[in-house]
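Visitor: Dropping a prediction and its sequence here:
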Amino acid sequence: MILSRFTSLTSSFPKYFRSLATVQSGSKSPTAVVMLNMGGPSTVEETHNFLLNLFSDGDLIPLPFQRYLAPIIAKRRTPKIEKQYAEIGGGSPILRYTQIQGEGMVKLLDELHPETAPHKPYVAFRYARPLTEETARQMKADGVKRAIAFTQYPQYSCSTTGSSLNELYRRGRAGEFGDVEWSVIDRWGTHPGFIEAVAQNIEASLAKYPPSERSEVVLLFSAHSLPMSVVNRGDPYVLEVSASVSTVMDRLGHSNPYRLVWQSQVGPSAWMGMQTGEALKGLARLGRKKVILVPIAFTSDHIETLYELDLEYAEEARELGIRIERSESLNDSPVFIRALADIAAEHLNQKKVGPTSLQLGLRCPGCTNATCGQQKAWFGNGGRA
Ligand SMILES: C=CC1=C(C)c2cc3[nH]c(cc4nc(cc5[nH]c(cc1n2)c(C)c5CCC(=O)O)C(CCC(=O)O)=C4C)c(C)c3C=C
Ligand SMILES: [Fe+2]
Ligand SMILES: [Fe+2]
């Protein structure tokens, strides 16, 4: 309410005064909006380093003797994953899309929240360049004094956003960013702008079916799975992904039958199910031959959409006689970029409540990782000891 009043106020401002405000604040140190994500190899050659960083992360994959096992597993897995990145065009597009999203977001944010302008986007990836340490050096060189850590995972998991925040905390506490006041946007899986962007992409896919067939199409929301050991320690990811799905279906007026299923499990342990591939087989058995696959837990294209969904599952569906469409990832969607700016502006307006959401302070009840607790206390104090 307050935000929408404020938005209409700034947008009715004469353009001249708005651009003057930007010029006058041009000499101010920028407010950094640090976009956190896992990253991906931009070229096939970077695949090994990406996997090495990923398997070395104890927040994502806790391994015994991690320092010794991670290089062995990464080396063994590299040829298979290199082939997949080669088949999707020679690398992951995540950096390109994150840069487009970041640039678009700050342009809007300067108008939505001129008090903290200019805003500058930074990217801090966990397993690919630019890594957090490089971003820290750049922010220090830019004289940043105020920063928002903005996760690009809509739903919170200790193994994704939690891992990024732990890395930011370790480097922040070591002084690598200089003297920065931090606040955190840690989840936004039911934000109306995000929901609208997903819903519009689903509607575009539905429009590919003849009107008489549309209501029969099954919407198969597919999210990266999570090991049951993580789910069982109280990780909120599964619940938050379910909330995103329910909210999208509310927005669509429950026009279609739908299910939430899980993809991309790695290794032999138990993971959250049912698996996307199994679900397709089950739908074929039920005679449901029209499906739209909807990626719901990641906002740009990556190996899981471009390889697993578009190549592997599409082939499987064809063999099962299913007509399959894939709802586009959010990528450079203007509706989504506007949502990112709104989320950041709402955060800046509501910051009086505290530098993090109330949810962040409540770590997974079963989590015994000391860094998670220290990180939450540190961010809760604005990044001060
Ligand atoms: C919300 C998204 C994701 C969650 C949750 C997640 C958890 C998770 N992932 C692994 C292991 C791997 N993930 C890998 C790649 C990968 N993971 C995600 C997203 C989530 N992971 C993405 C988008 C990607 C691809 C990156 C890109 O292409 O840009 C990989 C590497 C690929 C492979 O070897 O298969 C591994 C390994 C675990 C163990 C986990 C939960 C604890
Ligand atoms: Fe993953
Ligand atoms: Fe944790």
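Guide: That came through, no problem. Ligands and ions are numbered 1, 2, ... in the order given.

Visitor: Now residue 267, what are its backbone angles?
Guide: Here is the backbone geometry of residue 267 (degrees, to the nearest 10): phi 80, psi 180.

Visitor: what about it, neighbour count?
Guide: Using other C-beta atoms under 10 Å, residue 267 is surrounded by 8 other residues. C-betas here are computed from N, CA, C, even on glycine.

Visitor: how far away is it from residue 61?
Guide: For residue 267, the distance to residue 61 equals 8 Å [C-beta to C-beta, to the nearest Å].

Visitor: do the same with residue 184
Guide: Counting by C-beta to C-beta - residue 184 and residue 61 are separated by 24 Å.

Visitor: Looking at those two, which is more packed in?
Guide: When neighbours are counted by other C-beta under 10 Å, residue 184 and residue 61 differ, and residue 184 comes out ahead with 27 against 18.

Visitor: tell me which residues form a beta bridge with that one?
Guide: Under DSSP bridges, the beta-bridge partners of residue 184 are residue 149.

Visitor: Report pLDDT for it.
Guide: Per-residue pLDDT puts residue 184 at 96.

Visitor: near ligand 3, which residues of the stretch 151-300 of the chain?
Guide: residue 158 (C-beta under 5 Å from the ion).

Visitor: can you pull out the helices in the stretch 101-250 of the chain?
Guide: 132-141, 161-173, 192-206, 228-231, 237-251 (DSSP state H, counting those that start in this stretch).

Visitor: Out of those, the one nearest residue 335 is which?
Guide: Closest approach to residue 335 among those is made by helix 192-206 (4.3 Å; C-beta to C-beta).

Visitor: tell me what that closest one is packed against?
Guide: In terms of contacts (3 or more C-beta pairs under 8 Å, 6 or more residues apart in numbering; DSSP states H and E), helix 192-206 is packed against helix 237-251, strand 290-295, helix 334-350.

Visitor: Just name the most buried of these.
Guide: Among these, judged by mean count of other C-beta atoms under 10 Å, the one packed with the most neighbours on average is strand 290-295 (a mean of 24).

Visitor: For that one, the averaged confidence score.
Guide: Across strand 290-295, pLDDT averages out at 96.

Visitor: ok, and what's touching the following helix or strand past that strand?
Guide: Downstream of strand 290-295, the first helix or strand assigned by DSSP states H and E is helix 303. Applying C-beta atoms under 8 Å, 6 or more residues apart in numbering, the set of residues contacting helix 303 from outside is 40, 81, 84, 85, 88, 92.

Visitor: What's the mean pLDDT across helix 303?
Guide: Helix 303 comes out at a mean pLDDT of 87.

Visitor: Which SSE is immediately downstream of it?
Guide: Next helix or strand after helix 303 toward the C-terminus (DSSP H and E): helix 314-319.

Visitor: Show me what that next one packs onto, helices and strands only.
Guide: Identification of packing neighbours for helix 314-319 by 3+ C-beta pairs under 8 Å, 6+ apart yields helix 276-285, strand 323-326.

Visitor: Determine how far it lies from the middle of the whole chain.
Guide: 28 Å (C-alpha atoms, centre = their mean, to the nearest Å).

Visitor: Pick the most buried one from the helices of the stretch 101-250 of the chain.
Guide: Highest mean neighbour count among those (mean count of other C-beta under 10 Å): helix 161-173, with a mean of 22.
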